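In: Could you work out the structure for the sequence below:
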Amino acid sequence: MTLIKPVPPSLLSQPLLPWGETPARTYAPGMGQAVADRTINRRIVRRFPSPQRVPFVVPRDDSTALESQLAAWARREGWAYEGGFHVEHGDDVTVSGWILAVGRIETEAWADVAERVALGNALLEPRPEWREAERATLRHHLRQASLLMSGRHLQHGDASQPPRNMEVFTNCSTAATSFLCYLLLLNGSGVGRAYDDAMMAVDWARDMPLIVPVIDWSHPDVQSGTVTGFLTRRDAEHLYASHGRIVVHEVGDSREGWAKAVELVERMAFERRRDEVVLLDFTKVRPKGAPIMGMQGRPASGPGPYMQALARVAMVRGSGMEPWRATLFVDHYLAECVLVGGARRSARMSTKTWRDRSVLSFISVKRGGFLWSSNNSITVDAAFWEHVRQQDPDPDWDEATREEWAHAHAVFEAAVRAAYEDGTGEPGFINQDKLVANDEGLDAYTSGALFVGSEKYQPDEETKPLLGDLVARARASRYTQITNPCGEISLFMLGGYCVIADVVPYHAADDDDAEAAFRAAARALIRVNLMDCLYRPETRRTNRIGVGITGLHEYALKRFGFGWADLIDEERSKPFWMMLARFKRAVADEAARYSAALGVVRPHTDTTMKPAGTTSKLFGLTEGAHLPSMREYLRWVQFRNDDPMVREYRAKGYPVKSLTTYRGTTVVGLPTKPEIVKLADELGLADKLVTAGEAKPADQYRYLQLLEKYWIRGVDEQGEPLAVDTGNQVSYTLKYDPKTVSFEEFRDTILKLQPTIRACSVMPQTDTTAYEYQPEQPVTKAEYELIAAAIAEAAAEDVGREHVDCAAGVCPIDFGTNEASAARDEAQAAAQAKA
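Out: You can find the predicted model right below:
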């Protein structure tokens, strides 16, 4: 098979895909379908060639117009109805007749998702004559799931994509101010931030003005009692009349409007306007429950949670905290209110350089459950590890070097002890000197150009001195790159985005088709970078992308017959690793070629390994670089005791048990066999399977070293490193059992092996056997087959958030409740029916 490269339709002499229509893959039964329904699938209208008569019988209700009653009935029954009905009979009890239905309201299949996502991305192509070719190529790879755009793309991708803001389609980002961090979180993006002492331009504890959230009594949430305990603007103006200057700011009813309020306060703190009062008036913010059109009609939280968050932020004033700690608290309080509604998590990464003396306090800052909204890591470098490996100071060192050596030892010992004894794996270590940094174009920021600004959000003119100060601080820093919350992308500490996708070579027709998928992914992500975004200048400067791989272990097993023991033996598995190197070169080549064609900068980085938690579950694949967590297992899903699905499951033979710990809750066990277990059984290679808990830590580090060598860094056909390093990182969570791994063993492993890679999260396995409810329970193959045989008929499955999270626990995909998803889908289906 030849490589698929799009050509302008005018030059086509034969169909773009010569083998015809690509069959659409289906979701993995059970888990995959349930995850899809909760996260990416929409309710759509499949229109009939012509309207059809559908009989109805509804209760007579003289208080409601029959037209409205029939519209509601049609939605419940799954009919797309735009008007037109006939009554054949009516009495005091019922009314019957027929409606004209224009189609059926159904839940999307993967083929539908592939169709709209391919279209939305192709419309970003700036050359109109190339759009159809790009759409067809992308559609092919999406339909067979050899290319999986990130979950954010799968959720939001459609024909409306081009004018939208890019943040909706990015997984994660970085920020250097609290107002930008908050705006990004509101847009659904996870955020990384460096809390280095040198990057703290604002002292919230000492310089913040007095914040007073106010709201008028006429606001519906005040009338209903949802919002209580806040002053009106008039009352606040009287109360603080003698306090000093009063600044009144009306909070806008949008994400950007909410961020502007924080921008004002942060700017005033930077200007040290401590003696002033800021009244933040929330009267114009929509009430709780009102639909948010920019979020598919999700119900608004109302002003209450944000007002409460600002009230907590106000308490930081006068606390005496150091600037880094005060900023950490401010960002945490703001992140908390993003969680209201349960749609998604406000994923954050907090880093701090080992050179700060205050890093010792940072190590323990989360102890006791505080500041839980962030994953914390220490940024280190070769000098740190050299100091830690040297047991005694060199007698020839000067006093400053001796102090640095002693400090490095103190940091390492405190960090590894906290990670082990607190049972959190935090803080981790990020080798900041190994992150790819390309400072080309940074001089423009030093000269006064802003690194931030989009059509939707422009910083105020008065905020520019703060942003300029941050540029100077970043430029003076030893290192300018940090990572996103999951750790797979190298990002400029002032601001940048994770624009990512996965290729599934396991799903490709052959190696050439797989390479074509890698090339298509690179082009698709570069197109995303053309969208308007908050960090538009930085995105144009770096054009950073991250093409990853998922289902990696399935591919190694099916294509090469390699299991875990083979993969960590570099010579034995050389064909596999050189194939990854081929794919790396394809991504780098296509990124350079396509960028040149569009007249944009070549991506500073291009390959990665992201967690791929949600997207991999759609098809039952191993996630990103990770080993399978279990072989056969029961996935226990919670239901209310009175849920009719419980009776259905029990009747069909599924294991069912009522919980005593969670009153009113019943759990159903859904037998699950990962794709790689099925594949190994089919190939007769079950003996090659190794789960994450069975793999030795040293072997996992060796595996990461090989991934970085061949896929992240890349080698040429002779095995020599590529001339330019354009790799990001591997997001990987290495699990260990604290029952069998002592602290000394843990410490020695970190000291010996963590310096050899760019980043890796090392976390303890949680023993859940003492808990009545375990989301996932391993079972033996015999137990699995016994349970599966007892099930008379498969039933529709559900999924909880605890089953969707990736290994790092910070997946940024929106997660709908059944009720919220239904409301959103109704609105979408109704809109489509009218289109």
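
In: Report the secondary structure state of the residue lying closest to residue 756 once chain neighbours are set aside.
Out: Excluding the flanking residues, the one nearest residue 756 by C-beta to C-beta, 6 or more residues apart in numbering is residue 705, at 5.9 Å. Just so you know, the C-beta spots here come from the backbone N, C-alpha and C atoms, and that holds for glycine as well. Secondary structure state of residue 705, per DSSP: H, G, I helix; E, B strand; the rest coil, is helix.

In: Buried residues, the top helix by length along the chain. List them.
Out: Using DSSP state H to define each element, the chain has its longest helix at helix 574-598. Neighbour counts over helix 574-598 (16 or more other C-beta atoms under 10 Å) mark 576-577, 579-588, 590-592, 594-595, 598 as buried.

In: same question, stretch 702-722
Out: Buried-residue list, stretch 702-722, by 16+ other C-beta under 10 Å: 702-715.

In: Any chance of these in a markdown table with distance to residue 774 and pLDDT as columns?
Out: Shown next, in a markdown table, are the buried residues of stretch 702-722 (distance: C-beta to C-beta, whole Å; pLDDT from 0 to 100):
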| residue | distance to residue 774 | pLDDT |
| --- | --- | --- |
| 702 | 31 | 98 |
| 703 | 28 | 98 |
| 704 | 29 | 98 |
| 705 | 34 | 98 |
| 706 | 33 | 99 |
| 707 | 31 | 99 |
| 708 | 34 | 98 |
| 709 | 38 | 99 |
| 710 | 37 | 99 |
| 711 | 34 | 99 |
| 712 | 35 | 98 |
| 713 | 39 | 98 |
| 714 | 41 | 98 |
| 715 | 43 | 98 |
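
In: coming back round to it: which other helices and strands does the longest helix of the chain contact?
Out: Packing partners of helix 574-598 (3 or more C-beta pairs under 8 Å, 6 or more residues apart in numbering; DSSP states H and E): helix 511-528, strand 546-549, strand 607-609.

In: Out of those, flag the one nearest residue 432.
Out: strand 607-609 (16.9 Å; C-beta to C-beta).

In: what packs against the closest one?
Out: strand 546-549, helix 574-598, strand 727-730.

In: Could you rerun that using 6 Å?
Out: strand 546-549, strand 727-730 (3 or more C-beta pairs under 6 Å, 6 or more residues apart in numbering; DSSP states H and E).

In: contacts for the first one?
Out: Residues outside strand 546-549 that contact it (C-beta atoms under 6 Å, 6 or more residues apart in numbering) are 489, 500, 502, 503, 521, 522, 587, 607, 608, 609, 610, 728.

In: Bridged to the third one, which residues?
Out: By that I understand residue 502. residue 148, residue 548 (DSSP bridges).

In: ok, back up a step: out of the contacts of strand 546-549, which is nearest to residue 560?
Out: Nearest member of the contacts of strand 546-549 to residue 560, counting by C-beta to C-beta, is residue 503, at 16.8 Å.

In: Give me the neighbour count for that closest one.
Out: Using other C-beta atoms under 10 Å, residue 503 has 29 neighbouring residues.

In: Check residue 23 too.
Out: 9.

In: Same question for the one 4 residues further on.
Out: Using other C-beta under 10 Å, residue 27 has 22 other residues around it.

In: repeat for the one 10 residues further on
Out: Taking other C-beta under 10 Å as the criterion, the count of residues near residue 37 is 21.

In: roughly how far apart are it and residue 639?
Out: Distance, residue 37 to residue 639, by C-beta to C-beta, to the nearest Å: 15 Å.

In: With residue 380 instead?
Out: For residue 380 relative to residue 639 (C-beta to C-beta), the value is 46 Å.

In: With residue 280 instead?
Out: Distance from residue 280 to residue 639, by C-beta to C-beta: 42 Å.

In: Look at the two and report which has more neighbours.
Out: Per other C-beta under 10 Å, whichever of residue 280 and residue 639 has more neighbours is residue 280, with 26 against 17.

In: Quick one: residues contacting that one.
Out: Residue 280 touches 213, 249, 251, 261, counting by C-beta under 6 Å, 6+ apart.

In: With distance to residue 515 as extra columns, can I get the buried residues of stretch 702-722 in CSV?
Out: What follows is those, written out as CSV (distance: C-beta to C-beta, whole Å):
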residue, distance to residue 515
702, 26
703, 23
704, 24
705, 24
706, 20
707, 18
708, 21
709, 19
710, 15
711, 14
712, 18
713, 19
714, 14
715, 16
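
In: From the residues you listed, pick the one nearest residue 115.
Out: Closest to residue 115, out of all of the buried residues of stretch 702-722 and judged by C-beta to C-beta, is residue 711, at 30.2 Å.

In: Let's verify that closest one: helix, strand, or coil?
Out: helix.

In: nearest spatial neighbour of it, skipping sequence neighbours?
Out: That would be residue 580: by C-beta to C-beta, 6+ apart, it lies 4.6 Å from residue 711.

In: That neighbour contacts residue 713, doesn't it?
Out: No: contact criterion C-beta atoms under 6 Å: residue 580 and residue 713 do not qualify, at 11.0 Å.

In: so what secondary structure elements neighbour the one helix or strand residue 70 maps to?
Out: Per DSSP states H and E: residue 70 is located in helix 66-77. Applying 3+ C-beta pairs under 6 Å, 6+ apart, we find helix 66-77 packed against strand 79-90.

In: neighbouring contacts of the strand it packs on?
Out: Contacts of strand 79-90 (C-beta under 6 Å, 6+ apart): 45, 54, 70-71, 74, 96-103, 105, 833.

In: ditto for stretch 205-225
Out: By C-beta under 6 Å, 6+ apart, stretch 205-225 touches 227, 230-233, 236, 265, 268-269, 272-274, 276-283, 287-288, 302, 307, 310, 314, 316-317, 319, 321, 326.

In: again, but for stretch 556-563
Out: 573, 575, 576, 679, 688.

In: Not counting its neighbours along the chain, what's nearest the last one?
Out: I take that to be residue 688. Counting by C-beta to C-beta, 6+ apart, the residue nearest residue 688 is residue 563, at 2.6 Å.

In: Give me the pLDDT value at the one you found.
Out: pLDDT, residue 563: 98.

In: Quick check: it vs residue 648, distance?
Out: Distance from residue 563 to residue 648, by C-beta to C-beta: 39 Å.

In: between these two, who's got more neighbours?
Out: residue 563 (20 against 14).

In: Now do the helix or strand hosting residue 315, average pLDDT.
Out: Remark: residue 315 resides in helix 304-316, with elements defined by DSSP H and E. Helix 304-316 comes out with an average pLDDT of 97.

In: Alpha carbons only: can I get the very next helix or strand once past that helix in PDB?
Out: Following helix 304-316 in sequence order, the next helix or strand is helix 323-338 (DSSP H and E). C-alpha atoms of helix 323-338 as PDB (Å, rounded to 0.1, in the frame of the first residue of the first chain):
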ATOM      1  CA  PRO A 323       4.300  35.100  47.700                       C
ATOM      2  CA  TRP A 324       4.600  31.600  46.300                       C
ATOM      3  CA  ARG A 325       2.400  30.000  48.900                       C
ATOM      4  CA  ALA A 326      -0.200  32.900  48.800                       C
ATOM      5  CA  THR A 327      -0.400  32.500  45.000                       C
ATOM      6  CA  LEU A 328      -0.800  28.700  45.400                       C
ATOM      7  CA  PHE A 329      -3.800  29.300  47.700                       C
ATOM      8  CA  VAL A 330      -5.400  31.900  45.400                       C
ATOM      9  CA  ASP A 331      -5.100  29.500  42.400                       C
ATOM     10  CA  HIS A 332      -6.500  26.600  44.400                       C
ATOM     11  CA  TYR A 333      -9.600  28.700  45.600                       C
ATOM     12  CA  LEU A 334     -10.300  29.700  42.000                       C
ATOM     13  CA  ALA A 335      -9.900  26.200  40.700                       C
ATOM     14  CA  GLU A 336     -12.300  24.900  43.300                       C
ATOM     15  CA  CYS A 337     -15.200  26.900  42.000                       C
ATOM     16  CA  VAL A 338     -14.600  25.600  38.400                       C
END
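
In: Many thanks, I have nothing further to ask.
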